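> got a structure for you, letters missing:
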């Protein structure tokens, strides 16, 4: 495979997540017990957590984790209003700290 194409397949922000394991080996292990959209959504969550601070802005990476986690929670039956209330409670705690 051409070197520039290989870099796109094996970027540095996925290297050394767990020493001795390639990213795909780790994902296969982590997602072994999950199927379908649940496996996909968990894979996205793991991916953005593993590359936190290594590729994009940290806040952007956390936003992606938040989005996929929230979506997964809704798919698994969480109540949207409960999620909104929880976010509001977190916001209030943050406001108290500042």
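Now that the structure is in, tell me what you want to look at. The structure presented is a predicted model; accordingly, all values stated were derived computationally and were not measured.
> and residue 28, how far is that from residue 22?
9 Å (Cβ to Cβ, to the nearest Å). In short, each C-beta sits where N, CA and C put it, glycine included.
> brain fart, residue 30
13 Å.
> can you tell me how far the residue nearest to residue 44 when sequence neighbours are not counted is from residue 96?
Residue nearest to residue 44 in three dimensions, not counting chain neighbours: residue 68, with 4.4 Å by Cβ to Cβ, 6 or more residues apart in numbering. In this view, residue 68 and residue 96 are 28 Å apart by Cβ to Cβ.
> among those two, which residue is more densely surrounded?
More neighbours surround residue 68 than the other of residue 68 and residue 96, with 19 against 7 (other Cβ atoms under 10 Å).
> my guess is that one contacts residue 41. True?
Yes. Between residue 68 and residue 41 there is a contact under Cβ atoms under 8 Å: 5.4 Å.
> so what's the backbone phi/psi at residue 55?
Reported as degrees, to the nearest 10, the phi and psi values for residue 55 are phi -130, psi -80.
> ok, how many other residues are close to it?
Look at residue 55: counted by other Cβ under 10 Å, it has 14 neighbours.
> what score does it have for pLDDT?
Here, the pLDDT recorded for residue 55 equals 89.
> same thing with residue 2?
pLDDT for residue 2: 64.
> how near is the residue nearest to residue 44 to residue 82?
From residue 68 across to residue 82, the span is 18 Å (Cβ to Cβ).
> contacts for whichever strand or helix holds residue 63, please.
For residue 63, the enclosing helix or strand under DSSP states H and E is helix 58-75. Helix 58-75 has contacts (Cβ atoms under 8 Å, 6 or more residues apart in numbering) with 37-38, 41-42, 44-45, 48-49, 51-53, 55, 80, 83.
> neighbour-wise, which one of those leads?
The most neighbours of any of those, using other Cβ under 10 Å, belong to residue 48, which has 21 neighbours.
> so which helix or strand takes in that residue?
In this structure, residue 48 sits in helix 36-50 according to DSSP H and E.
> do the same with residue 52
Here residue 52 is assigned to no helix or strand, by DSSP H and E.
> phi and psi next, for residue 54.
Per degrees, to the nearest 10, the backbone of residue 54 is at phi -110, psi -20.
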